[in-house]
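>>> okay, structure incoming, though there's no sequence with it:
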């Protein structure tokens, strides 16, 4: 009887093992489920981790090897931008800082100039990058090149020249010759007064921040106790012009008016009153290469702008 029970148990175990390892299993040889339904003969690649071992006697996952956890995808820091691809010999600023004009019509070096512009395109999303171009060079087809100098932010007021940080939309007039002012400089809300004494090519912007309408002048001067003659005289002045006094108008407008004009309606007076205004500094520079001879052929030439690493930023042929 005991032998019979033993035989029955052995046969039962053999039957269970045969079923477990038969082809009726719902899993493929790789551990993934078999596709079912019409036309479904291929194996489905399960995106979840598959079993690395088989259960004992078909008793689920109790005795199976535990699956490994899926690895997390790597993330890219969005604040880190990729470097802009450049051609060999060319600067990363190619396409950003441009030669927009070459005026070579005059035989006089101080009337020959190149216009440089920050076009605001850098290929990596920003249009607000100011570029330090002091030390860059301007070159002709004969390989003669001259460096862009530092400039004074407030000419005749600042003690030292500084590097030029050209913002988006900013322009530089690079003049071949020397400056009547004796310096390279940045325009501001008062430099238009300098046109009265210096003839530059191209000229300085002729609009000054201290220019006011007749109504504004009247209200201010009445508050200061200045005369009606003084109000009419100052209202008649053009922007950025220092008036000339003579015996006739001096007697008519009075000493108080003359004192006010001397202290306020001039380049120095304008700077004193407006230098802290947020719109005081302009984004136009006049720089001078101080050559005694023309740099560019009047007919045909190639103008090359190079950065501080001697890489080509832009070329202009005519």
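Thanks, I have it. Please read all numbers here as calculations on a predicted model, not as lab measurements. Numbers count the residues shown, from 1 in each chain.

>>> could I get the buried residue list for stretch 152-167?
152-155, 161, 164, 166 (16 or more other Cβ atoms under 10 Å). (C-beta placed from N, C-alpha, C; glycine too.)

>>> look at residue 108 and say how many residues are nearby.
Per other Cβ atoms under 10 Å, the neighbour tally for residue 108 reads 10.

>>> ignore what I typed, I meant residue 317.
Counted with other Cβ under 10 Å, residue 317 comes out at 11.

>>> need the contact list for it.
When contacts are counted by Cβ atoms under 8 Å, 6 or more residues apart in numbering, residue 317 touches 300-303.

>>> does the most centrally placed residue in the chain count as helix, strand or coil?
Residue closest to the mean C-alpha point of the chain, counted by Cα atoms, centre = their mean, is residue 129 at 2.2 Å. Here residue 129 takes the coil state, with states given by DSSP: H, G, I helix; E, B strand; the rest coil.

>>> may I ask you to confirm that it is in contact with residue 168?
Yes - applying Cβ atoms under 8 Å, one finds residue 129 in contact with residue 168, separated by 6.8 Å.

>>> pretty sure residue 105 belongs to a helix, no?
No - applying three-state DSSP, one finds residue 105 to be coil, outside a helix.

>>> so how far is residue 235 from the residue nearest to the centre of the chain?
Distance, residue 129 to residue 235, by Cβ to Cβ, to the nearest Å: 43 Å.

>>> try residue 270
17 Å.

>>> settle it for me: which of those two has more neighbours?
Neighbours were counted for residue 270 and for residue 235 using other Cβ under 10 Å; residue 270 has more, 23 against 15.

>>> could you measure from the closest residue to the more buried one other than its chain neighbours over to residue 281?
Closest residue in space to residue 270, ignoring its immediate chain neighbours: residue 190 at 3.6 Å, by Cβ to Cβ, 6 or more residues apart in numbering. Distance of residue 190 to residue 281, given as Cβ to Cβ: 11 Å.

>>> which of those two has more neighbours?
residue 190 (25 against 14).

>>> pLDDT value on that one, please?
Residue 190 is assigned 98 on the pLDDT scale.

>>> quick one, strands of the stretch 151-300 of the chain?
Taking DSSP state E, counting those that start in this stretch, the strands of the stretch 151-300 of the chain run over residues 165-166, 171-175, 185-188, 281-288.
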